[in-house]
Structures are given as structure tokens and as C-alpha cells.
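[1] Build the 3D model from these lines:
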Amino acid sequence: YVPSLPAAAVQKDEHTVNCSRNIYVFERGGQFHLLAHNPDTFMWVSPLPDDIISGFGLVQKPCPDNQKLYRDMLICRKDYRLSKLDREFMTELYNSKSKCLQ
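    From the prediction side, this is the model:
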């Protein structure tokens, strides 16, 4: 479960596939470990870099039926000013995301 949300709320929101059994894992390392060691599993996830996918022996397939739209957001105090390091991090994050969408 996500510690900041009630488990029932997470399960209701994420239950998009009619499956008889579900496992909710919100830590990436655990997710990849589960997928790599159990051939009967799949995961709804935002696009990932090829080196991560191939490193775990996984494949990534688009799903045209998925109608959810997710957005990455930065939340900070109103008076916060981004540092040079903050801006560099955001640039790298944007570049990494762009590579995943190619």
C-alpha cells in the first residue's frame, strides 16, 4: 500500500483489469523482482528505459485500451526558488522521459 493513502482507495483506483488475483507493490525494485521471477505477472506502468527493461529480462508493450492520463508534477512552496542543481535535475528527468517515449 502507499502509506499516504488508505489501501482501499489505492485498490479501487488501480483496479483497471478484470483479474481474479492482484498484488499491489509500490516500490520499483520489488515490482521488477516480482515480474522477473514470475512469468504469469504483468504491471501497468509508465514507459521505462530499455536498459531497465532488458536488465530484468522483461518486455514493454503499449496498451491502446488504457484511458488513464498521468502527469509528472513538481510540488514546492510558493516562495521556493529552483536552484541550479534543481534545474539540472529537471532537465535530466525530462531528457530521460523523452527517451522512454521514443
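
[2] Give me the buried positions along the longest helix anywhere in the chain.
    When the chain is parsed with DSSP state H, its longest helix is helix 84-100. Using 16 or more other Cβ atoms under 10 Å as the test for burial, helix 84-100 gives no buried residues. C-beta coordinates here come from the backbone N, C-alpha and C atoms, glycine included.

[3] pLDDT below threshold where in the chain?
    Within the chain, the segments meeting pLDDT under 70 span 1-19, 70, 100-102.

[4] Recalculate using a threshold of 90.
    1-35, 38-53, 60-76, 93-102 (pLDDT under 90).

[5] Mind checking what secondary structure the residue located most distally from the centre of it has?
    Farthest-out residue of the chain from its mean C-alpha position, per Cα atoms, centre = their mean: residue 79, at 29.1 Å. Look at residue 79: counting by DSSP: H, G, I helix; E, B strand; the rest coil, its state is coil.

[6] ok, so what distance separates it from residue 73?
    The gap separating residue 79 from residue 73 is 18 Å, by Cβ to Cβ, to the nearest Å.

[7] go on, residue 87?
    Distance, residue 87 to residue 73, using Cβ to Cβ: 16 Å.
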